[in-house]
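*Asks:* Structure of the sequence below:
(one chain, ligands or ions: 1)
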Amino acid sequence: MERQAAIKRIEELRELLNQYNYEYYVLDRPSVPDSEYDRLMQELIALEEQYPDLKTKDSPSQRVGGQALDAFQKVEHRTPMLSLANAFNEGDLRDFDRRVRQEVGDDVAYVCELKIDGLAVSVRYEDGYFVQGATRGDGVTGEDITENLKTIRSLPLRLNEPVTLEARGEAYMPKASFERLNEQRRQRGEELFANPRNAAAGSLRQLDPKIAASRHLDLFVYGLANAEELGIASHSAALDYLQQLGFKTNPERRRCANMDEVMQFVNEWQEKRPQLPYEIDGIVIKVDSFAQQEQLGATAKSPRWAIAYKFPAEEVVTKLIDIELN
Ligand SMILES: NC(=O)c1cnc(OC2CCCC2)nc1N
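*Replies:* Alright, predicted model coming up:
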């Protein structure tokens with residue numbers, strides 16, 4: 001194909017492949033069969049081979065990077081990645097609620113989210129293009145895992161708007177991918193991963209992006225590090241905005257007017273947890289208003305405007321009971 005036609009066709013293929021990728025991995029609602037996606041991808045790869053200068057960093061063909069790295073570079077987070085304080089029962093949550101109301105008054109709303117049991121990561125975009133991804137590390141310095149995060153199909157390589165932002169999220173391994181991976185390792189006589197969280201951590205720490213790509217990781221985005229700069233007033237508005245940009249956000253979130261509604265959500269998901277296709281280890285409760293978050297501030301490690309309600313580790317107890325009884 002001659003150059004002008006190739007430029008046009010490559011652009012068409014990119015649009016199509018990014019759209020199909022979004023439908024499949026973010027909406028979980030593919031509109032074309034895998035065979036059609038693969039055929040178009042092969043055509044794009046062939047055209048980019050023919051005209052290498054036409055390859056761009058956001059091309060869908062660039063998700064699984066080149067050679068393995070020797071080591072991960074360090075990354076300084078522009079805003080620290082805080083960690084959550086824990087609540088273990090309703091009393092702890094009521095204490096949290098009381099402290100919040102003492103500071104900001106009674107007109108407070110919370111956002112409840114499922115606490116995905118994976119790895120916290122930060123992803124930076126410039127003018128809408130994915131430029132860098134990093135682990136939380138110690139909250140100030142993390143490791144550059146950009147190449148591995150690019151292999152996560154639900155991570156957009158280019159946003160629906162040319163914005164510059166830093167999003168935070170949880171990279172995780174779906175239960176099905178975890179079972180499949182451990183089955184493979186069992187057959188190879190390799191050591192098994194204890195749980196999906198460890199498997200996700202081990203996969204993101206792979207220096208070879210091809211191995212990371214083979215682990216079928218996924219990512220839920222749950223926050224914006226520079227929301228105020230973007231003129232967004234609340235956490236729920238930030239999540240809606242992230243979704244509009246093309247990120248995968250968790251659909252099970254709920255805005256709660258008080259702690260009774262929060263407890264309802266907590267109890268509901270303690271029951272429904274086994275039905276989820278990914279592991280959660282609790283519920284995250286956040287003050288919705290950014291102005292009130294600002295007022296509450298943070299300790300050196302954790303925000304005062306959020307808390308994690310941890311589910312009791314029932315599966316371990318169940319297993320112990322099984323062993324005892326059977
Ligand atoms: N594992 C999760 O699903 C999760 C973790 N953290 C947060 O928010 C923290 C981040 C910094 C302050 C609030 N939200 C989440 N959904």
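
*Asks:* Helices of the stretch 151-300 of the chain, start to end?
*Replies:* 175-187, 196-204, 209-214, 235-245, 259-272, 290-296 (DSSP state H, counting those that start in this stretch).

*Asks:* With respect to burial, which of the ones you listed scores highest?
*Replies:* Compared across the helices of the stretch 151-300 of the chain, helix 196-204 shows the largest average neighbour count, a mean of 21 (mean count of other C-beta atoms under 10 Å). In this view, the C-beta of every residue, glycine as well, is placed from N, C-alpha and C.

*Asks:* can you pull the alpha-carbon coordinates of that one into PDB?
*Replies:* The C-alpha trace of helix 196-204 is given here as PDB (Å, rounded to 0.1, in the frame of the first residue of the first chain):
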ATOM      1  CA  PRO A 196      -4.700 -13.200  43.500                       C
ATOM      2  CA  ARG A 197      -3.000 -10.300  45.300                       C
ATOM      3  CA  ASN A 198       0.300 -12.000  45.500                       C
ATOM      4  CA  ALA A 199       0.000 -13.200  41.900                       C
ATOM      5  CA  ALA A 200      -0.700  -9.600  40.700                       C
ATOM      6  CA  ALA A 201       2.300  -8.300  42.700                       C
ATOM      7  CA  GLY A 202       4.500 -11.000  41.200                       C
ATOM      8  CA  SER A 203       3.200 -10.200  37.700                       C
ATOM      9  CA  LEU A 204       3.700  -6.500  38.000                       C
END
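
*Asks:* Show me what that helix is packed up against.
*Replies:* Helix 196-204 sits against strand 119-126, helix 146-150, strand 165-172, helix 175-187, helix 209-214, with contacts defined as 3 or more C-beta pairs under 8 Å, 6 or more residues apart in numbering; DSSP states H and E.

*Asks:* what's the last one packed up against?
*Replies:* So the one you mean is helix 209-214. Packed next to helix 209-214, using 3+ C-beta pairs under 8 Å, 6+ apart, are helix 146-150, helix 196-204.

*Asks:* mind redoing it with 6 Å?
*Replies:* When contacts are defined as 3 or more C-beta pairs under 6 Å, 6 or more residues apart in numbering; DSSP states H and E, helix 209-214 packs onto helix 146-150.

*Asks:* Next: the second one.
*Replies:* Using 3+ C-beta pairs under 6 Å, 6+ apart as the contact criterion, the secondary-structure elements in contact with helix 146-150 are strand 129-135, helix 209-214.

*Asks:* Redo the helices of the stretch 151-300 of the chain as TSV? Include mean pLDDT.
*Replies:* Below are the helices of the stretch 151-300 of the chain laid out as TSV (pLDDT from 0 to 100):
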stretch	mean pLDDT
helix 175-187	97
helix 196-204	97
helix 209-214	95
helix 235-245	97
helix 259-272	97
helix 290-296	97
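
*Asks:* Now tabulate these in CSV and tack on distance to the ligand.
*Replies:* As requested, these are exported to CSV (distance: least, C-beta to the nearest ligand atom, whole Å):
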stretch, distance to the ligand
helix 175-187, 16
helix 196-204, 10
helix 209-214, 20
helix 235-245, 9
helix 259-272, 12
helix 290-296, 9
